[in-house]
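Enquirer: Have a look; sequence and predicted model below, questions after that.
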There are 2 protein chains.
Amino acid sequence: MTYCVGLKLDRGLVFAADTRTNAGVDNIACFKKLHTWELPGERVFTLMTAGNLAVSQSVVSILSEQIAAPTQNPVNLMTVETMFQAARLVGQSVRDVRALDGEALAANAESFFVTMIFGGQIKGEEPRLFQIYSAGNFIEATKDTPFFQIGEHKYGKPILDRVTRSDMRLGEAAKLVLLSFDSTLRSNLSVGMPIDLLLYNTDSFTLKRQKRIHKDDPYFQTLSSAWSNALRKAFTEIEEFEI
Amino acid sequence: MTYCVGLKLDRGLVFAADTRTNAGVDNIACFKKLHTWELPGERVFTLMTAGNLAVSQSVVSILSEQIAAPTQNPVNLMTVETMFQAARLVGQSVRDVRALDGEALAANAESFFVTMIFGGQIKGEEPRLFQIYSAGNFIEATKDTPFFQIGEHKYGKPILDRVTRSDMRLGEAAKLVLLSFDSTLRSNLSVGMPIDLLLYNTDSFTLKRQKRIHKDDPYFQTLSSAWSNALRKAFTEIEEFEI
């Protein structure tokens, strides 16, 4: 399993991804699921992936190879003019991987499954955030629901539903996202630390605000225990039910 | 979908079930999923069901018919000597329904699926709580994990994980269970009010503490908004994240 969250806020974008992969509960490993490309000052992209790791790594490699060989691939992430075109490029890469591996996966009774959160900003546009499906099609985040989740989304959704607002500060949103991870990590063993966190400020065109948060991270530990205590306190303060 | 929770605490048992059934999102209805049998002063049983409604209603009817015709059914809920034997009787009823309907369901490409929470007390024993599967087998709640959930369990699990303690008062546990429902109701349309709630005090051998909680129930409304406010307040009070 996997857990990734992306938020599109007035002030920018927030991305967070866990790093656990598993082939059965007796075979877990740590893989980065948050990938970035940037042309500083001009354009930035972040892609987070859930599903078949072979598929999602292939998508990342295809996108990177296109950038590395612009003569053969004049249309790549560094040349597209809008985030919509960039999302179409990611979707096309998913379809390319299906063309390469889909038949062999089916022959092995394995499903071709991948979902992705893709976001970024190209100069001249606002930051945009997309969720991309196995078919290569996608949806875009709007003000009504400014976040996307992929992978094990249920445990961490209630807090996002209650607290997310488009006008949040990025540091506030980072706190929210880490709380959403805290709930998920407690309930699902197939989601695991460290967490890759990235904050992107609108019009900054840089991906410098990135951090890998390990299990012993002092902020995360404080957050986790402070939240537990606050929940228990809030619970105690509400009147008991009587029949 | 469905959401039901059962808790086994030092002071007794708590049961809560939603009432929504659906055959697709365009066909929802209200059905009771919390069923009881009692011999006041001697024995009490509660059964909550999730899965195929035809299967679970058949199980309930079989158990009731056995009680109504004790000559043909000398072994029934009113005659078994322990809760373990009662749970086996419920499991056997599931197997009886499979024998009746399983083949026809399979021919129609429908799955035989039902999960149940079954609990109660028979004089001479402590209260006991079981989770019963489609195969008719079951597990029993212990001190380590004193609750069972069936149906849409994920949204409502974080609060149960954090707050449940075996030594809770029943009114406190009812508050907890209703908060768990509140989170679930917000995130999953296929779980719907009213909620049937039942509190059973150990050695009381009566099921009088039952209530159907409707959407406009003042306690539930207060609980729901107090919890939202408390969460937002707790969220605000935790320090923001900085990279």
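Expert: Happy to help now that I have it.
Enquirer: Touching, residue A:173 and residue A:6? I think so.
Expert: No: Residue A:173 lies out of contact with residue A:6 (CB atoms under 8 Å); the separation is 10.5 Å. Using the backbone N, CA and C atoms, a C-beta is placed for each residue, glycine as well.
Enquirer: residues bridging contact with these two, i.e. touching both?
Expert: Residues touching both residue A:173 and residue A:6 (CB atoms under 8 Å, 6 or more residues apart in numbering or on different chains): residue A:14.
Enquirer: Show me the beta-bridge partners of the residue nearest to residue A:170 when sequence neighbours are not counted.
Expert: Excluding the flanking residues, the one nearest residue A:170 by CB to CB, 6 or more residues apart in numbering or on different chains is residue A:199, at 4.5 Å. Assessed by DSSP bridges, residue A:199 has beta-bridge partners residue A:14.
Enquirer: burial count for residue A:199?
Expert: Counted with other CB atoms under 10 Å in any protein chain shown, residues neighbouring residue A:199 total 27.
Enquirer: now do residue A:213
Expert: Neighbour count of residue A:213, defined by other CB under 10 Å: 20.
Enquirer: May I have the residues that are in contact with it?
Expert: Residue A:213 sits next to A:178, A:193, A:194, A:195, A:196, A:197, A:219, A:220 when contact means CB under 8 Å, 6+ apart.
Enquirer: try 10 Å this time
Expert: For residue A:213, the contact set (CB atoms under 10 Å, 6 or more residues apart in numbering or on different chains) comprises A:16, A:174, A:178, A:181, A:193-197, A:219-220, A:223, B:241, B:243.
Enquirer: Residue A:93 now?
Expert: Here residue A:93 is in contact with A:47, A:58-63, A:65-66, A:77, A:116, A:132, A:136 (CB under 10 Å, 6+ apart).
Enquirer: Try it again at 6 Å.
Expert: Residue A:93 makes contact with A:59, A:62, A:63 under the criterion CB atoms under 6 Å, 6 or more residues apart in numbering or on different chains.
Enquirer: For chain A, what lies in contact range of chain B?
Expert: Neighbours of chain B within chain A, by CB under 6 Å from any CB of the partner chain: A:154-155, A:157-158, A:161-163, A:171-172, A:174-175, A:183, A:186-187, A:209, A:211, A:226, A:230-231, A:234-235, A:238, A:240-243.
Enquirer: If we use 7 Å, what do you get?
Expert: By CB under 7 Å from any CB of the partner chain, the residues of chain A that approach chain B are A:154-155, A:157-158, A:161-163, A:169, A:171-172, A:174-175, A:178, A:183, A:186-187, A:199, A:209, A:211, A:219, A:223, A:226-228, A:230-232, A:234-235, A:237-238, A:240-243.
Enquirer: Any of the residues you listed buried? List them.
Expert: A:154-155, A:157-158, A:163, A:171-172, A:174-175, A:178, A:183, A:186-187, A:199, A:209, A:211, A:219, A:223, A:227, A:230-231, A:234-235, A:238, A:241 (16 or more other CB atoms under 10 Å in any protein chain shown).
Enquirer: Where strands are concerned, which of these count?
Expert: A:199, A:211 (DSSP state E).
Enquirer: now, which of the buried ones among the residues of chain A next to chain B lie within helices?
Expert: In this view, these that belong to helices under DSSP state H are A:157-158, A:163, A:171-172, A:174-175, A:178, A:183, A:186-187, A:219, A:223, A:227, A:230-231, A:234-235.
Enquirer: circling back to that earlier point, select only the buried ones of the contacts of residue A:93 in ChimeraX?
Expert: Selection of buried members from these for ChimeraX, criterion 16+ other CB under 10 Å:
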select /A:59,62,63
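Enquirer: export the contacts of residue A:93 to JSON lines and tack on secondary structure?
Expert: Below are the contacts of residue A:93 laid out as JSON lines (DSSP: H, G, I helix; E, B strand; the rest coil):
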{"residue": "A:59", "secondary structure": "helix"}
{"residue": "A:62", "secondary structure": "helix"}
{"residue": "A:63", "secondary structure": "helix"}
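Enquirer: ok, so of the contacts of residue A:93, who is nearest chain B?
Expert: Distance ranking of those against chain B, using CB to the nearest CB, places residue A:63 first at 25.2 Å.
Enquirer: Tell me which residues touch the closest one, please.
Expert: A:77, A:90, A:93 (CB atoms under 7 Å, 6 or more residues apart in numbering or on different chains).
Enquirer: Three-state assignment for the first one, please.
Expert: Three-state secondary structure (criterion: three-state DSSP) places residue A:77 in coil.
Enquirer: roughly how far out does the lengthiest helix in chain A sit from the chain middle?
Expert: Longest helix of chain A, by residue count under DSSP H: helix A:83-107. Average the C-alpha atoms of helix A:83-107, do the same for its chain, and the two points are 18 Å apart (CA atoms, centre = their mean, to the nearest Å).
Enquirer: and the next element down the chain from it?
Expert: Downstream of helix A:83-107, the first helix or strand assigned by DSSP states H and E is strand A:114-122.
Enquirer: For that next one, give the mean pLDDT please.
Expert: Strand A:114-122 shows a mean pLDDT of 98.
Enquirer: chain center to it, what's the gap?
Expert: Mean C-alpha position of strand A:114-122 versus that of the full chain (CA atoms, centre = their mean) differs by 8 Å.
Enquirer: got it, and stretch A:139-148?
Expert: 13 Å.
Enquirer: same deal with stretch A:127-139?
Expert: How far stretch A:127-139 lies from its chain's middle: 12 Å, per CA atoms, centre = their mean.
Enquirer: Return the set of buried residues in it.
Expert: Neighbour counts over stretch A:127-139 (16+ other CB under 10 Å) mark A:127, A:128, A:129, A:130, A:131, A:132, A:133, A:134, A:136, A:138 as buried.
Enquirer: Out of those residues, which two sit at the greatest distance?
Expert: For the buried residues of stretch A:127-139, the farthest-apart pair by CB to CB is A:127 and A:134; their separation is 24.9 Å.
Enquirer: quick revisit: can you give me the pLDDT of the residue nearest to residue A:170?
Expert: Per-residue pLDDT puts residue A:199 at 98.
Enquirer: next one: the one 10 residues further on
Expert: In this prediction, residue A:209 carries a pLDDT score of 96.
Enquirer: Identify the residues contacting it.
Expert: A:198, A:199, A:200, B:243.
Enquirer: okay if I get those as CSV plus distance to residue B:97?
Expert: Below are these laid out as CSV (distance: CB to CB, whole Å):
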residue, distance to residue B:97
A:198, 52
A:199, 54
A:200, 55
B:243, 57
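Enquirer: which one among these gets closest to residue A:142?
Expert: Checking those against residue A:142 by CB to CB gives residue A:200 as the nearest, at 18.0 Å.
Enquirer: In TSV: the contacts of residue A:93, plus distance to residue A:42 and pLDDT.
Expert: Formatted as TSV, the contacts of residue A:93 follow (distance: CB to CB, whole Å; pLDDT from 0 to 100):
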residue	distance to residue A:42	pLDDT
A:59	23	97
A:62	22	97
A:63	17	98
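Enquirer: Going by distance to residue B:40, which of the contacts of residue A:93 wins?
Expert: Set against residue B:40, the nearest of the contacts of residue A:93 by CB to CB is residue A:59 (64.5 Å).
Enquirer: Tell me the spacing between the closest one and residue A:45.
Expert: 13 Å (CB to CB, to the nearest Å).
Enquirer: And residue A:89, by the same measure?
Expert: Taking CB to CB, one finds residue A:89 at 10 Å from residue A:45.
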